[in-house]
Each structure stands twice: as C-alpha cells, then as structure tokens.
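missing the sequence, but the structure's below:
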C-alpha cells in the first residue's frame, strides 16, 4: 500500500496492534515512527466490512450489496464494482475512495 492510494478518512490496520485506524491529516505530514504510512496495512474487504459501512445485502444466488445506488457484486471470493466489467475491489480504502469519487460523500 502506498501513500498515494490513501486519503484522510481512509480505514487501515494500525501497526503493532492490528486494529482498524482512521488516516488523519497528521499522518501525511509526519513521516517517521508509527506515523509512517508504509507501516500501515490495508483492511481486506469482506461481507462483514460492507455491512459495517452501511451496505445492504440483496440477492439469492449472486450476492449483491448496495449503498445509496452504489452496487457491488460478490463472485468467487472477490467484490466487483460492476456486474460485467471485472474491476476488483480488494480493500476497504479502495471502496472508500471509489465511493467518494462517485458520490462526493465519505463512506
């Protein structure tokens, strides 16, 4: 994970404790010790995380998750942004960034 992938407000794993942490503006300005962004790890996107972020689960066979008209499709242990275009979303921060880009709102 590189700093250019992150925005203030993204969720990542905090080093050493392995608990979710929120990226703050200070982390971009202070680049040593535990505030070094390279020490943080991405949070894998799971069904549980989608529900925590406010997505609703729909569908019987193919799992579909929706939040304010943003749909994610779950197939073969991977989340896709579009039903036919194979654009994989692997991490929570990626979903947060896509959601913000499409809606202008934080997830």
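Ah, there it is. Nothing here was measured: the structure is a model prediction, and the numbers come from that model.

Three-state assignment for the nearest residue to residue 63 once chain neighbours are set aside, please.
Residue nearest to residue 63 in three dimensions, not counting chain neighbours: residue 74, with 3.8 Å by CB to CB, 6 or more residues apart in numbering. C-beta coordinates here come from the backbone N, C-alpha and C atoms, glycine included. Here residue 74 is strand, with the state taken from DSSP: H, G, I helix; E, B strand; the rest coil.

Residues in a beta bridge with residue 74, which ones?
Beta-bridge partners for residue 74, by DSSP bridges, are residue 63, residue 79.

what's near enough to touch it?
Residues in contact with residue 74, defined by CB atoms under 8 Å, 6 or more residues apart in numbering, are 47, 62, 63, 64, 65, 80.

Counting neighbours, which of the residues you listed comes out on top?
When neighbours are taken as other CB atoms under 10 Å, the top entry among those is residue 65 (20 neighbours).

What strand or helix carries the closest residue to residue 107 other than its chain neighbours?
Spatial nearest neighbour of residue 107, excluding adjacent residues (CB to CB, 6+ apart): residue 99 at 4.3 Å. Using DSSP states H and E, residue 99 maps to helix 92-103.

picking that back up, flag the least confident of the contacts of residue 74.
Ranked by pLDDT, these bottom out at residue 62, which scores 67.

which residue ranges form the strands in this structure?
11-14, 19-22, 56-58, 63-67, 70-75, 78-80, 88-89 (DSSP state E).

Could you list the paired strands of the third one along with their orientation?
Sheet neighbours of strand 56-58, with direction, are listed as strand 63-67 (antiparallel) (DSSP bridges).

So for the residue nearest in space to the middle of the chain, what's the pLDDT?
The residue lying closest to the centre of the chain (CA atoms, centre = their mean) is residue 92, at 1.6 Å. Note on residue 92: pLDDT of 93.
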